[in-house]
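Student: This is the structure alone, sequence omitted:
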C-alpha cells in the first residue's frame, strides 16, 4: 500500500530556533500534500495544502511566515517552523494524495515537536 | 465550515461488536472515511464509502451510511484488544479544496479483555 514517512519522528528545540520536518511519499507520487496539527486528545487541524511546484494554501489563522511549506518534488514536502515558541509544541502530521480520484489520502506517522 | 461530530468514548468487551457513530452537516459530502490512530502514531485509513452507497463491508468492518440523516457508522465485529485506539470520522466534498478532509474529534475505543 501507499506509504508516507516523516522525519524526524520527534524533536526538541529551544525557543527562537527553526525546525524542519520532512514528509515523503515512498511508493507513489504525491500531487498534493497536507499538513495537520494535532493537540492532545483533539482532532486534526488542517494547516495548509501544498501542490507540487506551487505555493501552499494556508488555512485561516495559520501564519504562513511562521510555518513555511515547500513542496519541491512529487515525493517530498517540508514544513519549517520558524522562530519556534513553546506554544508551537504539538504533533504535526502530514498526508499525501496522488490526486487521482483524490479519495485516498495517506498519513505519515507524525512528528512530535517540543519547544523548550 | 463543515461539522463532523462523534461521541468521544466507547468501551466494549473483547469479542463483542463495537459501533462508532458519526454525524456530519455537509450535504455535498462525496467521500466519508474512517481512520484509526494508535498512541503516538499517524492515522491509518481503515475504510471509506462513497456517498451514493449505503453500506460497505470489509472483513470485520461494516460501514453504514444514512445520507438522509447524514449519519455514518463503523461496526467492528469480534472486537479485539488490538482494536483499542482512537477512531476518526472524516468527510470531503467535491465543492471544497481537492482532498480537503474535515475530521471529527475522534472516538476513543477501549476494549476490555
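Tutor: Nice, I can see it. Keep in mind the model is a prediction, meaning the values are calculated, not measured. Residues are numbered from 1 along each chain as shown, chains lettered A, B, ... in the order given.
Student: Any stretches of chain A with poor pLDDT?
Tutor: A:1, A:99-103 (pLDDT under 70).
Student: Find the residue at the geometric middle of it.
Tutor: residue A:35 (3.5 Å; CA atoms, centre = their mean).
Student: thought that one was touching residue A:79?
Tutor: Yes - Residue A:35 is within contact range of residue A:79, at 5.2 Å (criterion: CB atoms under 8 Å). Every C-beta, even on glycine, is put in place using the N, C-alpha and C of the backbone.
Student: what's the overlap in contacts for these two?
Tutor: A:23, A:47, A:67, A:69, A:92, A:94 (CB atoms under 8 Å, 6 or more residues apart in numbering or on different chains).
Student: show me the contacts for residue B:63.
Tutor: B:32, B:34, B:47, B:48, B:49, B:55, B:56, B:57, B:72, B:73, B:74, B:75.
Student: can you list the residues that contact the host helix or strand of the first one?
Tutor: Taking DSSP states H and E as the definition, one finds residue B:32 inside strand B:29-37. Contacts of strand B:29-37 with the rest of the structure, by CB under 8 Å, 6+ apart, involve A:103, A:107, B:2, B:20, B:22, B:24, B:43-51, B:61, B:63, B:65, B:70, B:72, B:74, B:85-94, B:101, B:103, B:106.
Student: which among those end up buried?
Tutor: A:107, B:2, B:20, B:22, B:24, B:43, B:45-49, B:51, B:63, B:65, B:70, B:72, B:74, B:85-93, B:101, B:103, B:106 (16 or more other CB atoms under 10 Å in any protein chain shown).
Student: Of those, which belong to strands?
Tutor: A:107, B:20, B:22, B:24, B:43, B:45-49, B:63, B:65, B:72, B:74, B:85-93, B:103 (DSSP state E).
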